[in-house]
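> sequence-free structure coming up:
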């Protein structure tokens, strides 16, 4: 590890330094967070075929002891997300009301988006990631998990603040950082660490914080987190922000599993922040909550969602009547996509990777369903091929192969132990595989 980093940690931690060094000799714990909209804790604990240990402070969080969990059929079905324990905490720092509008500003790869989405079933989450390649990974996870109330974008914070003013109840900034809290599990972060990188990232973090101010409602909450121990990226960043903007630091708890933030200036109680260390809980995390006290002017939204034409609506209704048992989503159109909203709302005109759930497209006067619709609403399909986790056909399907089953002709959904996995189109009991090629077993 970088010598300069170790020297700074020795000064920062004092008597805890030896504990940190000892923790680096231990293997990091693997863990998952459940998609609680799909599966309850009780049902998961009855269903789960491998050893799990509940994480005491995270509802639906579990330590696991299994390799290559990403290839497990339950992972494909979107029942859980692989996430280290300390990264699970920032979305839990504020008690969210069910109808809150939330911005996850640096959202990829999507674990925090999942937690936020589960907490605001009557609201929505704008999951944004400025890096387009990382945004595609975020979208892949949003689709796999079947999140119904999430919009995915890839924009700068500066561009977003020109669209949204006094709009969000909560903004989470899980800021890009020097990654010191990942040193135990990620050798790349050790090699890339430098003081120059910290200086560069501090500028980025400052911009993210400042751009968030006008997007947040009065009395709204700004959650700031990093996976570094570097004071310049954490406490100093917050103090400099508070000197300029009218926010206050909020108590957040989790005292038994974390250490307080570093108190630098008594006028700014940054000891209300919490720090996770690998000798305490998880890998590494800094987190703090600020409440906005000032007010800026709001901006009227020009909606980018449209009603379907009469002909389009008839085509979609015919598909629903033929293929679905029941369906209560709100159907709109975004660009050329037919989309489903869990509840009626407006989205401003902006470039999106995904707007709620893509139901499908109308092609040559017929409706073609999309994989994302299956992951979110697949249980509504009449035509189901129900497979258990021990059925060899399940693994053939995940490899992209055709399988045989006694089902009706037409579109249908593969169901694994009660949970939708992917689409097929059947003819004479032969199921043509519609599982996306990029998700299949190698």
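Everything's here; your move. Since we're looking at a predicted model, the values are computed, not measured.

> Where does the prediction get shaky in this structure?
297, 442 (pLDDT under 70).

> how about a cut-off of 90?
1-2, 66-68, 185-188, 253, 294-303, 326, 328, 349, 351, 441-442 (pLDDT under 90).

> Determine the longest helix present in it.
Looking across the chain with DSSP state H, the single longest helix is helix 195-212.

> tell me what that helix is packed against?
Under the contact definition 3 or more Cβ pairs under 8 Å, 6 or more residues apart in numbering; DSSP states H and E, helix 195-212 sits against helix 157-161, strand 168-174, strand 216-226, helix 235-242. In short, each C-beta sits where N, CA and C put it, glycine included.

> For the last one, buried residues please.
Translated: helix 235-242. 235-238, 240-242 (16 or more other Cβ atoms under 10 Å).

> Turn those into a markdown table, including distance to residue 209.
Putting these into a markdown table (distance: Cβ to Cβ, whole Å) gives the following:
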| residue | distance to residue 209 |
| --- | --- |
| 235 | 13 |
| 236 | 12 |
| 237 | 7 |
| 238 | 8 |
| 240 | 9 |
| 241 | 5 |
| 242 | 10 |
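
> Which one, of the helices and strands packed on helix 195-212, ends up nearest to residue 387?
Proximity to residue 387 (Cβ to Cβ) singles out strand 168-174 among the helices and strands packed on helix 195-212, at 36.5 Å.

> Just checking the distance from that closest one to the centre of its chain.
Offset of strand 168-174 from its chain centre (Cα atoms, centre = their mean, to the nearest Å): 13 Å.

> residue contacts, residue 333?
Neighbour list for residue 333: 305-308, 312, 339 [criterion: Cβ atoms under 8 Å, 6 or more residues apart in numbering].

> Which ones among those lie within helices?
residue 312.

> And the contacts of residue 333, which is closest to residue 228?
Distances from residue 228 to the contacts of residue 333, taken by Cβ to Cβ, are shortest for residue 339, at 37.5 Å.

> Quick check, that closest one in contact with residue 356.
Yes: between residue 339 and residue 356 there is a contact at 5.2 Å, judged by Cβ atoms under 8 Å.

> Compare the two and say which is more crowded by neighbours.
Taking neighbours as other Cβ atoms under 10 Å, residue 339 and residue 356 compare with residue 356 leading, 29 against 25.

> The more buried one touches residue 338, doesn't it?
No: when contacts are counted by Cβ under 8 Å, residue 356 is not listed as touching residue 338 (10.9 Å).

> Break down the stretch 1-150 of the chain into its strands, ranges please.
30-34, 52-54, 61-64, 80-82, 101-104, 124-128, 150-153 (DSSP state E, counting those that start in this stretch).

> would JSON lines of those strands with mean neighbour count and distance to residue 40 be doable?
Formatted as JSON lines, the strands of the stretch 1-150 of the chain follow (neighbours: other Cβ atoms under 10 Å; distance: least, Cβ to Cβ, whole Å):
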{"stretch": "strand 30-34", "mean neighbour count": "23", "distance to residue 40": "8"}
{"stretch": "strand 52-54", "mean neighbour count": "14", "distance to residue 40": "13"}
{"stretch": "strand 61-64", "mean neighbour count": "19", "distance to residue 40": "13"}
{"stretch": "strand 80-82", "mean neighbour count": "22", "distance to residue 40": "13"}
{"stretch": "strand 101-104", "mean neighbour count": "26", "distance to residue 40": "23"}
{"stretch": "strand 124-128", "mean neighbour count": "28", "distance to residue 40": "21"}
{"stretch": "strand 150-153", "mean neighbour count": "26", "distance to residue 40": "20"}
